[in-house]
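S.K.: Whatever this is, show me its structure:
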Amino acid sequence: MTVGLIPGSFDPFHNGHLEVVERAAQIFDEIVVAAIRNPQKSEALFALEERRDMIAASLVHLDNVRIVSISTLLVNVARDVKATAIVKGLRAVSDFESELQMAQMNRSLSGVETLFLPSSSHHSFISSKLIREVARYGGDVTPFVPASVAKRLAEKFSGGGQ
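M.R.: As a prediction, this is how the structure comes out:
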């Protein structure tokens with residue numbers, strides 16, 4: 001059985017993430033989406049549990065996907081879920097440099113390979129950081145995120161979730 005592990009902070013999960021998961025779900029028998037708290041990024045907008053809920057709602061149409069939350073080395077999770085490969089989406093050449101270093105480190109630590117999936121051009125400009133900024137200032141993010149995520153962002157920035 002092949003298992004693809006897709007890690008990310010997913011704060012929030014957006015259509016670029018969705019595309020990578022959907023494409024990987026066609027390649028692997030099982031996909032494990034791992035929501036992670038990235039200490040190199042600023043304070044998270046959504047708690048890990050909220051992110052898991054949004055991811056689950058966004059991926060309900062895929063029957064070979066499960067979601068986990070992690071706060072350990074990715075290679076430990078890869079071992080625990082018996083990942084065949086780590087799957088990372090690439091939006092631009094600038095993503096490749098840091099992702100390559102992480103892939104090499106992960107392979108060196110665990111032997112697990114990383115596969116890169118380039119995003120479609122209509123998703124290449126989407127990032128969680130930009131989604132948060134647009135939503136914070138009242139912009140319409142519905143074209144860029146699944147409906148469940150748009151709803152949570154609206155609640156968060158209308159004062160209902162702060």
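
S.K.: show me where pLDDT drops low in this structure?
M.R.: Applying pLDDT under 70 to the chain flags residues 38-42, 159-162.

S.K.: where exactly do the strands run in it?
M.R.: If DSSP state E is used as the criterion, the strands of the chain fall at 3-8, 30-36, 65-70, 85-90, 113-118.

S.K.: Neighbours of Ser108, how many?
M.R.: Per other C-beta atoms under 10 Å, the neighbour tally for Ser108 reads 9. No exception for glycine: its C-beta is placed from N, CA and C like everyone else's.

S.K.: Identify the residues contacting Ala150.
M.R.: Val141, Thr142 (C-beta atoms under 8 Å, 6 or more residues apart in numbering).

S.K.: ok, it to Gly16 distance?
M.R.: Distance of Ala150 to Gly16, given as C-beta to C-beta, to the nearest Å: 15 Å.

S.K.: Look up how far Ile27 lies from the nearest residue to Pro7 once chain neighbours are set aside.
M.R.: The shortest distance from Pro7 to any non-neighbouring residue, by C-beta to C-beta, 6 or more residues apart in numbering, is to Ala34 (4.4 Å). The gap separating Ala34 from Ile27 is 17 Å, by C-beta to C-beta.

S.K.: Provide the backbone phi and psi angles at Asp29.
M.R.: phi -70, psi -40 (degrees, to the nearest 10).

S.K.: For this protein, just list every one of the helices.
M.R.: Applying DSSP state H to the chain gives helices spanning 15-27, 48-58, 74-80, 93-110, 128-136, 147-157.

S.K.: of all those, which lies closest to Val3?
M.R.: helix 74-80 (8.8 Å; C-beta to C-beta).

S.K.: Name the residues of that closest one that are buried.
M.R.: Leu74, Val75, Val77, Ala78 (16 or more other C-beta atoms under 10 Å).

S.K.: Contact partners for the closest residue to Ile126 other than its chain neighbours?
M.R.: Take Ile126 and drop its neighbours on the chain: the residue closest to it by C-beta to C-beta, 6+ apart is Gly16, 4.4 Å away. By C-beta under 8 Å, 6+ apart, the residues touching Gly16 are Gly89, Arg91, Ser119, His123, Ser124, Ile126, Ser127.

S.K.: Show the buried residues in the residues you listed.
M.R.: Gly89, Arg91, Ser119, His123, Ile126.
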